[in-house]
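J.: With the sequence up front, the predicted model follows.
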Amino acid sequence: MITPERSLYLDCGTGVSGDMLLAALIDLLDELHGQPGSGLKALQDGLAETGIRGFEVRSLRRNVAGTQTVGVDIVETARQPLRTFADIRRILTESSLTGPVRTRALSALELLAEAESQVHEVPLEDVHFHEIGAVDTVADMVGVSLLVEAVGADEILASAIDLGSGFVTFSHGTLPVPAPAVALLAEPLPTVASDCGSERATPTGIALLRTIVDRFGEEPCGALRGIGFGSGSRSSDDNPTFLRAALYDHANHA
């Protein structure tokens, strides 16, 4: 068995979402490059390859219960059309993204669409992502796939995922946590249910983990080369959620 030289570890102990993953990787790349804004620039350049226009991606610093984190906002600058799974798949397939990035993004998108198709009993091709929500989905799928490639780890590991507890209210009503799509996607993964009384994992976040993570387990031993903290739109001092992305070097630590 070949021992990886560099491992990326994703700590999902307070949950996972697409924007938390994206923000944590931006923060990690900024530290690795020693240049604030380099992670966001890599993301913006990559998203330009999709050909989708009319939105901007912005990053900001957030203090969450005393921890400095990065957050990501998707801002609509022109009205977006309704896009189905088939539409987004075509956009990604025809994009000029590099092979590995495109493959990962398409795999995560398909997992997400399959879950939504099953939960809502609609044909896979017709699963739709409302307007700016579709852009959010593309930014998460492409962005995370792009940034893990930029980090350059030989192996990606993750902790068990905190799904949360209580109830969540969205367009389909009020449902117990985990919501059906989350439960379906999380079924093969190690999870925990904290007593936080809120949802802590999203379908997009779990679909991405299932696509990019090689294995789930304990944090690796090695020299810490960089660490990033990504918060989500629901993160706050009262709900201190963030995802930690840490890069370890195993050279001379065998």
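T.: That came in fine, so what should we check first? Remember, predicted model here, so these are calculated numbers, not experimental data. Numbers count the residues shown, from 1 in each chain.
J.: could you pull out the strands for the protein?
T.: Assigned by DSSP state E, the chain shows strands spanning 6-11, 55-64, 67-76, 83-84, 128-129, 155-158, 161-162, 167-170, 173-176, 191-192, 215-216, 223-230, 243-249.
J.: Can I get the ones you listed in JSON lines including mean neighbour count?
T.: In this view, the C-beta of every residue, glycine as well, is placed from N, C-alpha and C. Below are the strands of the chain laid out as JSON lines (neighbours: other C-beta atoms under 10 Å):
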{"stretch": "strand 6-11", "mean neighbour count": "22"}
{"stretch": "strand 55-64", "mean neighbour count": "15"}
{"stretch": "strand 67-76", "mean neighbour count": "18"}
{"stretch": "strand 83-84", "mean neighbour count": "20"}
{"stretch": "strand 128-129", "mean neighbour count": "20"}
{"stretch": "strand 155-158", "mean neighbour count": "20"}
{"stretch": "strand 161-162", "mean neighbour count": "22"}
{"stretch": "strand 167-170", "mean neighbour count": "13"}
{"stretch": "strand 173-176", "mean neighbour count": "11"}
{"stretch": "strand 191-192", "mean neighbour count": "16"}
{"stretch": "strand 215-216", "mean neighbour count": "12"}
{"stretch": "strand 223-230", "mean neighbour count": "19"}
{"stretch": "strand 243-249", "mean neighbour count": "23"}
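J.: can you redo those as CSV with distance to residue 94 and mean pLDDT?
T.: Below are the strands of the chain laid out as CSV (distance: least, C-beta to C-beta, whole Å; pLDDT from 0 to 100):
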stretch, distance to residue 94, mean pLDDT
strand 6-11, 29, 97
strand 55-64, 18, 95
strand 67-76, 22, 95
strand 83-84, 14, 92
strand 128-129, 18, 83
strand 155-158, 27, 98
strand 161-162, 33, 98
strand 167-170, 31, 80
strand 173-176, 36, 83
strand 191-192, 36, 97
strand 215-216, 33, 97
strand 223-230, 29, 97
strand 243-249, 30, 97
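J.: Let's have those strands in TSV, adding distance to residue 203.
T.: As requested, the strands of the chain are arranged in TSV below (distance: least, C-beta to C-beta, whole Å):
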stretch	distance to residue 203
strand 6-11	17
strand 55-64	20
strand 67-76	17
strand 83-84	16
strand 128-129	11
strand 155-158	16
strand 161-162	12
strand 167-170	11
strand 173-176	13
strand 191-192	14
strand 215-216	18
strand 223-230	17
strand 243-249	16
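J.: low pLDDT regions in this protein?
T.: Applying pLDDT under 70 to the chain flags the ranges 1-3, 131-132, 171-172, 252-254.
J.: Right, I'll leave it there.
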